[in-house]
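**Q** all I have is the shape, not the residue letters:
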């Protein structure tokens, strides 16, 4: 049995993320325009500020923020490769990616239909995450995860998302 963590495990995160986010970049802005009125009616408890932010999603800003997030995921993948998969940053990004896929599935269930990202989540995001974690486990480098780690991973992903959107707005002069 090969006891090395291959580039398929580490840089595979970047490749899987890129395919998943291509779905989001291609479909999210139009999907939001078409579905926001119905979503507003179906989910009246959502604060008005959230709806205004969703309405303000600009295709260029979204694409730039995804590009900036690509740099974060690339750095995590490189850290994973350089450390043989041991990097806490890489493993947190991998776990966050898998949880992100589950969030997409929950969103699709909540709206009872397609949401951008929900097609690649069950086909790519979740399976890749489980496969990569299995490889890390077999090579003995998978760090133990606790529920607190998952919450921290999602919080870091949320902060990174907000930061990349803010940076995109700044880069675009908004």
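**A** It's in. All values derive from a computational prediction rather than experimental measurement.
**Q** which stretches of the protein form helices?
**A** 7-42, 48-55, 59-82, 88-111, 120, 126-138, 147-171 (DSSP state H).
**Q** reformat those helices as TSV; add mean pLDDT and mean neighbour count.
**A** C-beta: built from backbone N, CA, C; applies to glycine. Shown next, in TSV, are those (pLDDT from 0 to 100; neighbours: other Cβ atoms under 10 Å):
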stretch	mean pLDDT	mean neighbour count
helix 7-42	95	16
helix 48-55	89	11
helix 59-82	95	18
helix 88-111	93	20
helix 120	98	21
helix 126-138	97	17
helix 147-171	82	15
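**Q** per-residue confidence for residue 174?
**A** Listed pLDDT for residue 174 reads 75.
**Q** how many residues are close by it?
**A** 11 (other Cβ atoms under 10 Å).
**Q** ok, the residue nearest to it when sequence neighbours are not counted - contacts?
**A** Of all residues not flanking residue 174 in the chain, residue 61 sits nearest, at 7.1 Å (Cβ to Cβ, 6 or more residues apart in numbering). Residue 61 makes contact with 165, 168-169, 172, 174, according to Cβ atoms under 8 Å, 6 or more residues apart in numbering.
**Q** 6 Å - rerun?
**A** The neighbours of residue 61, taking Cβ atoms under 6 Å, 6 or more residues apart in numbering as the test, are 168-169, 172.
**Q** kindly report the same for residue 76.
**A** Residue 76 neighbours (Cβ under 6 Å, 6+ apart): 89-90, 93.
**Q** hmm, back to that, just the closest of the contacts of residue 61 to residue 23, please.
**A** residue 168 (18.8 Å; Cβ to Cβ).
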